[in-house]
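A.B. asks: give me a 3D structure for the following:
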Amino acid sequence: LHGLGPGSAHTAEAVIAGLRLRRVGVDRSLQSGLDIAALVVLAAGLAGGVAAALSTLSLVVFEGVPWERYGGIQILWWLTHANGMVLLAPLILALREGRTWTVARVVEASVAMTSGAVLGFVIFWAYDPATPGRRLLYAPFPLLIWAGIRFGIPGAATANLILSVVAMGATALDTGPFASPTLGVNERLFQLWLFVAINAITALVVAGVVEDRKRGARALVRIQDRLRSVLEATADAIVAADTEGNVSFANRRFAALWDPTGSEAPPMRLTHEDPRVSALLEVTDQALSELLESEHEVLDEIELDDGR
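C.D. replies: Take a look at the predicted model:
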């Protein structure tokens, strides 16, 4: 019966986390900010909290732990479960994507990870109780942000894991800022887990937001390419210009009308002084000047023979 409580808690944790994440449509490779938010809130927060509550309850029922200690133990176990999810799950799931990196990018990632490990060693293993070492606790933040921005969620997850292993190893061996003799065992564990959670969640959220922006930029480029292909394939001459006449796009048909010989590229700027502009647009110089300076949009509707 002693193992029934923790076993049931861990099973419930996995089932709740899986069902909740699938319900909100989380991508299995965790490649967006919403995926990271769902992992933190639904898996680490909700499922981890349920598992911690059930595990602590089993200690009270089967191990004789006093009820007054339930709250403190439950929080520590919840942080333990939650940190396990935010440290390991993003790394395991993000690596499923199988990204290909250049040599330069691999070198940069190695420098970032090594720098994080060295800084973690300085903070936790070269710690001197006589110095205010706690002021350096969050010195790795820039490195974690660097890893998240440059290498996405896999980079942020790897940097988090390296720094967390260094911190946990030092604390377990009674050294580092969290091993202060003025702190009890539970207080040490609580501060360690809080440190790990803050670092991990911050770096992962930054990486997720950056991934969203990159994905949006790639989607915009694809849309622009498709639109450009359609405009280039049309039989009509199309030119896009701002209110000052600066040309941002001209298709091949317009280029052919502008210079049938093909020896001159389309203009970078449309001006009413150029007679070809007036001729192509079939407007007078005065009307062309008013057209180029106008901020109004004109929509022409064309009815096809088939009724569309």
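A.B. asks: residue 189 versus residue 75, what's the distance?
C.D. replies: Using C-beta to C-beta, to the nearest Å, one obtains 10 Å as the distance from residue 75 to residue 189. C-betas here are computed from N, CA, C, even on glycine.
A.B. asks: ugh, typo on my part, it should be residue 155
C.D. replies: Following C-beta to C-beta, the distance that separates residue 155 from residue 189 is 28 Å.
A.B. asks: more crowded one of those two?
C.D. replies: residue 155 (26 against 18; other C-beta atoms under 10 Å).
A.B. asks: quick check: which element contains the more buried one?
C.D. replies: helix 141-172 (DSSP states H and E).
A.B. asks: how far out from the middle of the chain is the helix or strand residue 18 falls within?
C.D. replies: Assessed by DSSP H and E, residue 18 sits inside helix 4-23. Mean C-alpha position of helix 4-23 versus that of the full chain (C-alpha atoms, centre = their mean, to the nearest Å) differs by 26 Å.
A.B. asks: OK, contacts around residue 95?
C.D. replies: By C-beta atoms under 8 Å, 6 or more residues apart in numbering, the contact set of residue 95 is residue 154.
A.B. asks: per-residue pLDDT, it?
C.D. replies: What the model reports as pLDDT for residue 95 is 75.
A.B. asks: hmm, back to that, mean confidence for the helix holding residue 155?
C.D. replies: Helix 141-172 comes out at a mean pLDDT of 91.
A.B. asks: what residues of that helix count as buried?
C.D. replies: 143-149, 151-164, 166-168, 170-171 (16 or more other C-beta atoms under 10 Å).
A.B. asks: cool, and stretch 103-119?
C.D. replies: 108, 109, 112, 113, 115, 116, 117, 119.
A.B. asks: for residue 193, state which of those is nearest.
C.D. replies: Nearest to residue 193, judged by C-beta to C-beta, of those is residue 116 at 18.8 Å.
A.B. asks: so how far is residue 52 from that closest one?
C.D. replies: 29 Å.
A.B. asks: got it, and residue 125?
C.D. replies: 30 Å.
A.B. asks: the more surrounded of those two?
C.D. replies: Set side by side, residue 125 and residue 52 show more neighbours around residue 52, with 22 against 14, by other C-beta under 10 Å.
A.B. asks: does residue 276 touch residue 258 like I think?
C.D. replies: Yes: applying C-beta atoms under 8 Å as the test, residue 276 and residue 258 come out as touching, 6.5 Å apart.
A.B. asks: any idea which helix or strand carries residue 221?
C.D. replies: helix 185-233.
A.B. asks: so what touches the following helix or strand past that helix?
C.D. replies: Per DSSP H and E, helix 185-233 leads on to strand 239-241 as the next helix or strand towards the C-terminus. For strand 239-241, the surrounding residues in contact (C-beta under 8 Å, 6+ apart) are 247, 248, 249, 250, 251, 254, 266, 269, 270, 292.
A.B. asks: elements contacting whichever helix or strand comes after strand 239-241?
C.D. replies: Using DSSP H and E, the helix or strand that follows strand 239-241 towards the C-terminus is strand 247-250. Using 3 or more C-beta pairs under 8 Å, 6 or more residues apart in numbering; DSSP states H and E as the contact test, the elements touching strand 247-250 are strand 239-241.
A.B. asks: so what are the sheet partners of the strand it packs on and their directions?
C.D. replies: Strand 239-241 has its sheet partners listed here by DSSP bridges as strand 247-250 (antiparallel).
A.B. asks: ok but residue 70 is inside a helix, no?
C.D. replies: Yes: Residue 70: assigned to a helix according to DSSP: H, G, I helix; E, B strand; the rest coil.
A.B. asks: return the residues in contact with it.
C.D. replies: 56, 57, 60.
A.B. asks: try 10 Å
C.D. replies: 53, 56, 57, 59, 60 (C-beta atoms under 10 Å, 6 or more residues apart in numbering).
A.B. asks: centre-most residue in the chain?
C.D. replies: With distances taken as C-alpha atoms, centre = their mean, residue 208 lies nearest the centre of the chain, 1.1 Å away.
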